[in-house]
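Chemist: Below are the sequence and a predicted model for it; my questions follow.
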Protein chains: 2
Amino acid sequence: MTKNVTGLRPGGRSARIQEAVHCAVLALQQELEQSQITVPMIAMRAGVTPSTIYRRWGDIQQLFSDVAFSKLQPDSLPRDLGSFREDLYAWVEQYYEEYSSSVGRALLKDVLAAQDTQTAERCYDLVSQQLDVIRERAIQRNENFIENRLIIEIVVAPLIYMILFSSQQLDLDFVHKLLIRLFEDQ
Amino acid sequence: MTKNVTGLRPGGRSARIQEAVHCAVLALQQELEQSQITVPMIAMRAGVTPSTIYRRWGDIQQLFSDVAFSKLQPDSLPRDLGSFREDLYAWVEQYYEEYSSSVGRALLKDVLAAQDTQTAERCYDLVSQQLDVIRERAIQRNENFIENRLIIEIVVAPLIYMILFSSQQLDLDFVHKLLIRLFEDQ
């Protein structure tokens, strides 16, 4: 008995379509410049009709944005190193490494290229959720902690801004300078 | 005698093409969703061939990015209000108003959508040039000033990050909070 009373498995077909379309985009991105990829190409590769893609994603930028977001989702919780400061330093260093690579930068730009603002907001939520984990651990340990909003304004925002807008090569010294500013602000 | 010895007016034809293509894009953006606009449509409206557009801009995202950058260029110097602090406050408030509007946000996203990184870097340079003017005035007045890099990290970056990634409605209180943090950091 894999069917429920409605005869439908909620999410089953929908999830399979999403996976097939995402895989098709990823495969085409290996072979072509992104600007050369079209919805009919993706549909053919994924074994769906173009209208399925338009109905679900609206346009190709939205689809690229969705695929990029999936790749940006962290596959693990922030590491627990025993203190708020160490947990935050380790998380920020890893975040910097992921986003400052040419792959990370391209994913960020894809996320932002969607017409709607939801995918970019989901990136903000991802960061907040990771910082929530670090804060909750600090509370469990009876430690002082710093509000998410301040961490985002003082550390995450300048990192992402410099990655997106500056030609300067960033390094860990820059990341540490931001973290020192954050802790001095307290 | 409008021709020089080579028989060419440097920039003449090139500048006319750029203007015609930019105008065609702006007109089409009034009429259509951006995702519906194609290079052949722009070419027809501008009276050039599609290959002229591909040769000059590479692809349509690059062209949208170039048009967006032109719209973001300030048409005046920062106002001179008599002190570094007042000049900077006024400049940041105006910058916030321009970029936090739905038009400003869309232009920022267009600038970032180009495959290359040059247009985004030109946005960084624009900000630096405006801040240079404010700093030079402070030096003329024998005032203390704050380095561009700090202003960008502590004020400009969080503003742009929140505009791009957050669903929260921003206001001038937020802008002033960033400016207070900048001056307290000194």
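Modeler: All right, it came through fine.

Chemist: and the closest residue to residue A:117 other than its chain neighbours, what is it in contact with?
Modeler: In this structure, residue A:117 finds its nearest non-sequential neighbour in residue B:167, 6.9 Å apart by CB to CB, 6 or more residues apart in numbering or on different chains. To be clear about C-beta, it is placed using only N, CA and C from the backbone, and glycine gets the same treatment. Applying CB atoms under 8 Å, 6 or more residues apart in numbering or on different chains to residue B:167 gives the contacts A:117, A:121, A:124.

Chemist: Select from these every entry located in strands.
Modeler: Judged by DSSP state E, strands contain none of the contacts of residue B:167.

Chemist: want to throw these into a markdown table with distance to residue A:162 and pLDDT?
Modeler: Formatted as a markdown table, the contacts of residue B:167 follow (distance: CB to CB, whole Å; pLDDT from 0 to 100):
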| residue | distance to residue A:162 | pLDDT |
| --- | --- | --- |
| A:117 | 22 | 82 |
| A:121 | 21 | 91 |
| A:124 | 18 | 93 |
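
Chemist: Can you read off the pLDDT for residue A:11?
Modeler: pLDDT, residue A:11: 62.

Chemist: Contacts only, for residue A:16.
Modeler: Counting by CB under 8 Å, 6+ apart, residue A:16 touches no other residue.

Chemist: I meant to write residue A:34 there.
Modeler: For residue A:34, the contact set (CB under 8 Å, 6+ apart) comprises A:64, A:110, B:115.

Chemist: With adjacent residues omitted, what lies nearest to the residue nearest in space to the middle of chain A?
Modeler: Taking CA atoms, centre = their mean, the centroid of chain A lies closest to residue A:72, which sits 3.1 Å from it. Take residue A:72 and drop its neighbours on the chain: the residue closest to it by CB to CB, 6+ apart is residue A:107, 5.4 Å away.

Chemist: The one you found and residue A:117: what is the separation?
Modeler: The spacing between residue A:107 and residue A:117, counted by CB to CB, to the nearest Å, is 17 Å.

Chemist: which residues sit in contact with residue A:23?
Modeler: Listed by CB under 8 Å, 6+ apart, the contact set of residue A:23 reads residue A:46.

Chemist: sec struct for it, please.
Modeler: Residue A:23 falls in the helix class when you classify it by DSSP: H, G, I helix; E, B strand; the rest coil.

Chemist: okay, residue A:107 and residue A:117: which has more neighbours?
Modeler: residue A:107 (22 against 17; other CB atoms under 10 Å in any protein chain shown).

Chemist: Surely the more buried one is in contact with residue A:68?
Modeler: Yes. Using CB atoms under 8 Å, residue A:107 makes contact with residue A:68 at a distance of 4.2 Å.

Chemist: circling back to that earlier point, now render the contacts of residue A:34 as JSON lines, adding secondary structure and pLDDT.
Modeler: Output for the contacts of residue A:34, formatted as JSON lines (DSSP: H, G, I helix; E, B strand; the rest coil; pLDDT from 0 to 100):
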{"residue": "A:64", "secondary structure": "helix", "pLDDT": "92"}
{"residue": "A:110", "secondary structure": "helix", "pLDDT": "89"}
{"residue": "B:115", "secondary structure": "coil", "pLDDT": "76"}
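
Chemist: Got a PyMOL select line for the buried ones in the residues you listed?
Modeler: Filtering these down to the buried ones (16 or more other CB atoms under 10 Å in any protein chain shown) takes a single PyMOL command:
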select buried, (chain A and resi 64+110) or (chain B and resi 115)
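
Chemist: list the buried ones in stretch A:136-149?
Modeler: Buried residues in stretch A:136-149 (16+ other CB under 10 Å): A:137, A:138, A:145, A:146, A:148.

Chemist: Would you list the phi and psi of the residue nearest to the centre of chain A?
Modeler: Backbone geometry at residue A:72, expressed as degrees, to the nearest 10, gives phi -80, psi -20.

Chemist: where's it relative to residue A:103, distance?
Modeler: With the distance defined as CB to CB, residue A:72 ends up 10 Å from residue A:103.

Chemist: Kindly report the residues of chain A close to chain B.
Modeler: Contacts of chain A with chain B, taken as CB under 8 Å from any CB of the partner chain, map to A:33-35, A:58-61, A:105, A:109, A:112-113, A:115, A:117, A:120-121, A:123-124, A:152-154, A:156-158, A:160-162, A:164-167, A:178, A:181, A:185.

Chemist: which of these are buried?
Modeler: Buried members of the residues of chain A next to chain B, scored by 16+ other CB under 10 Å, are A:34, A:59-61, A:105, A:109, A:112-113, A:115, A:117, A:120-121, A:123-124, A:152-154, A:156-158, A:160-162, A:164-166, A:178, A:181.

Chemist: Select from those residues every entry located in helices.
Modeler: Judged by DSSP state H, helices contain the following of these: A:60-61, A:105, A:109, A:112-113, A:120-121, A:123-124, A:157-158, A:160-162, A:164-165, A:178, A:181.

Chemist: quick revisit: can you tell me which of the buried residues of stretch A:136-149 end up in helices?
Modeler: Going by DSSP H, the helices hold A:137, A:138, A:148 from the buried residues of stretch A:136-149.

Chemist: With pLDDT added, can I get the residues you listed in CSV?
Modeler: Formatted as CSV, these follow (pLDDT from 0 to 100):
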residue, pLDDT
A:137, 97
A:138, 97
A:148, 96
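
Chemist: Surely residue A:178 touches residue A:155?
Modeler: Yes. If you go by CB under 8 Å, residue A:178 and residue A:155 touch, sitting 4.6 Å apart.

Chemist: Show me whatever sits in contact with both of these two.
Modeler: Joint contacts of residue A:178 and residue A:155 (CB under 8 Å, 6+ apart) are residue A:92.
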